[in-house]
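**Q** pasting the structure only:
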């Protein structure tokens with residue numbers, strides 16, 4: 001698999017505050033051995049000057065489709081033919097919309113339509129704009145048209161909001177461009193649950209478990225690296241959001257259930273990796289529970305939480321559903337039971353009692369079971385870093401989701 005960066009990169013910069021990051025991106029591309037030429041929209045020049053990019057790339061910066069000198073020899077067509085890759089960073093909601101609908105009303109969009117080069121963009125916008133159905137439709141159309149979307153990231157935004165929409169950091173963009181050329185998940189939407197849930201007992205106490213979220217986050221990283229659009233529904237963990245992954249933070253099992261139901265009808269692959277609390281307090285106390293003099297025990301009344309993975313598998317519009325089984329004994333028996341009882345397509349079972357594996361560890365091992373018609377396929381994945389195990393799980397799920405041509409009836 002090739003991991004080489006393209007030799008000639010046309011860097012498009014549109015009108016977002018994240019344009020300041022494009023200077024560092026241009027510098028990193030040059031350091032990696034790429035030839036870089038820059039095209040800026042009118043609005044981009046309000047955030048960063050063409051002179052800055054010219055100094056970093058050593059090439060004149062193009063800003064206008066109607067530049068008499070540059071267009072004396074149809075310069076925009078020459079530039080479109082020159083590029084091996086057109087990379088737009090940042091890509092605003094406006095640029096995404098115009099490209100999704102085939103507009104060519106400035107130099108940047110005209111070059112995109114006139115070029116057969118590979119195309120990628122790093123979206124950057126307010127979190128509410130990114131979550132709009134119109135932006136989601138435009139993103140899907142761009143992916144269908146062959147664009148590769150890098151990000152966005154999630155976190156603090158210049159406007160004060162917090163959420164998805166941040167442009168990936170330049171080093172993350174460079175890393176994404178250097179990923180293996182095979183991207184079997186391109187165009188697919190993968191939804192993953194990760195981490196623990198917390199079920200409140202009172203305002204300061206809760207029921208939870210030892211899940212660190214590392215396995216779920218490794219799955220999200222692997223799915224994104226293989227080309228998928230990834231949404232990560234995360235319980236409370238101390239982990240950074242993987243590059244290019246949209247993250248939704250939840251606390252309780254019911255919050256995770258609601259988020260999963262919202263997304264399950266719009267995804268191709270659903271992976272339930274979270275360690276969800278089976279029970280919650282029937283009536284959490286309004287104030288902190290106090291020790292009672294003379295009482296040596298405390299009775300809590302618990303009720304069942306919704307079964308997230310089974311609910312997704314029971315949907316009439318269900319995606320391909322992968323469940324996890326964290327067990328301490330009889331691994332194969334419990335895994336087979338979970339596959340059948342919950343109507344799953346695949347189960348990843350791991351023995352969390354093994355020292356150095358499972359909860360909180362960086363390594364893991366797993367037994368994979370998947371449906372093959374009337375039979376069950378099986379594979380043992382030996383102890384290995386969670387990142388490697390995650391890629392193996394994603395690739396196996398993709399093979400089951402998209403069988404080779406000729407296998408269908």
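**A** Everything's here; your move. Small disclaimer: the values here were computed from a predicted structure and weren't measured. Numbers count the residues shown, from 1 in each chain.

**Q** what does the least confident helix or strand in the chain by mean pLDDT contact?
**A** Every helix and strand of the chain was ranked by mean pLDDT, DSSP states H and E. The lowest is strand 153-156, at a mean of 75. Identification of contacts with strand 153-156 by CB atoms under 8 Å, 6 or more residues apart in numbering yields 127, 162-169, 172, 241, 243-247. Where you see a C-beta, it was placed from the backbone N, CA and C, and this is true even at glycine.

**Q** For that strand, which strands pair with it and how are they oriented?
**A** strand 162-166 (antiparallel) (DSSP bridges).

**Q** quick one: the partner strand to chain centroid distance?
**A** With CA atoms, centre = their mean, to the nearest Å as the basis, strand 162-166 stands 13 Å off its chain's centre.

**Q** sorry, back to before: may I see the buried residues of the least confident helix or strand of the chain?
**A** 153, 154 (16 or more other CB atoms under 10 Å).

**Q** coming back round to it: just the buried subset of the contacts of strand 153-156, please.
**A** Among the contacts of strand 153-156, the ones that count as buried by 16+ other CB under 10 Å are 127, 163-169, 172, 241, 243-247.

**Q** so which of those residues comes closest to residue 208?
**A** residue 247 (19.1 Å; CB to CB).

**Q** Which single one of the buried ones among the contacts of strand 153-156 is nearest to residue 143?
**A** Checking those against residue 143 by CB to CB gives residue 244 as the nearest, at 12.7 Å.

**Q** show me the contacts for the closest one.
**A** Contacts of residue 244 (CB under 8 Å, 6+ apart): 149, 150, 151, 152, 153, 168, 172, 176, 224, 230.

**Q** pLDDT value on the third one, please?
**A** In this model, residue 151 is scored at 80, pLDDT.

**Q** Name the helix or strand for it, please.
**A** According to DSSP states H and E, residue 151 maps onto no helix or strand at all.

**Q** where does the nearest residue to it once chain neighbours are set aside fall, helix, sheet strand or coil?
**A** The shortest distance from residue 151 to any non-neighbouring residue, by CB to CB, 6 or more residues apart in numbering, is to residue 168 (4.1 Å). Under DSSP: H, G, I helix; E, B strand; the rest coil, the three-state class of residue 168 is coil.

**Q** from what I can see residue 168 touches residue 149, true?
**A** No: contact between residue 168 and residue 149 fails when scored by CB atoms under 8 Å: they sit 10.2 Å apart.

**Q** shared neighbours, the two?
**A** Joint contacts of residue 168 and residue 149 (CB under 8 Å, 6+ apart) are 122, 244.

**Q** which intervals of the stretch 151-300 of the chain have sub-threshold pLDDT?
**A** For the stretch 151-300 of the chain, residues meeting the criterion pLDDT under 70 lie at 179-182.

**Q** Now do the helices in it.
**A** 170-177, 214-225, 253-264 (DSSP state H, counting those that start in this stretch).

**Q** could I get the ones you listed as TSV with distance to residue 275?
**A** Converted to TSV, these look like this (distance: least, CB to CB, whole Å):
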stretch	distance to residue 275
helix 170-177	28
helix 214-225	9
helix 253-264	10
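
**Q** Return the most buried member of those.
**A** Among the helices of the stretch 151-300 of the chain, ranked by average contacts under mean count of other CB atoms under 10 Å, first place goes to helix 214-225 (a mean of 27).

**Q** so that one versus helix 170-177, what angle?
**A** Using axes from the mean of the first three to the mean of the last three CA atoms, to 10 degrees, the inter-axis angle of helix 214-225 relative to helix 170-177 is 70 degrees.

**Q** next one: helix 214-225 to chain centre, how far?
**A** Worked out by CA atoms, centre = their mean, helix 214-225 lies 8 Å from the chain centre.

**Q** Also stretch 231-238?
**A** 12 Å.

**Q** now the end-to-end length of it.
**A** One end of stretch 231-238 sits 18 Å from the other (CA to CA, to the nearest Å).

**Q** How about residues contacting it?
**A** 189-198, 211-213, 216-217, 220, 241-242, 245-251, 256, 259-260, 263, 267, 274-275.

**Q** Please point out which parts of it sit buried.
**A** 231, 232, 233, 234, 235, 237.

**Q** So what sits opposite residue 302 in the bridge?
**A** Assigned bridge partners for residue 302, using DSSP bridges, are residue 281.

**Q** doesn't residue 281 make contact with it?
**A** Yes: applying CB under 8 Å as the test, residue 302 and residue 281 come out as touching, 6.2 Å apart.

**Q** More neighbours: which of these two?
**A** residue 281 (17 against 14; other CB atoms under 10 Å).
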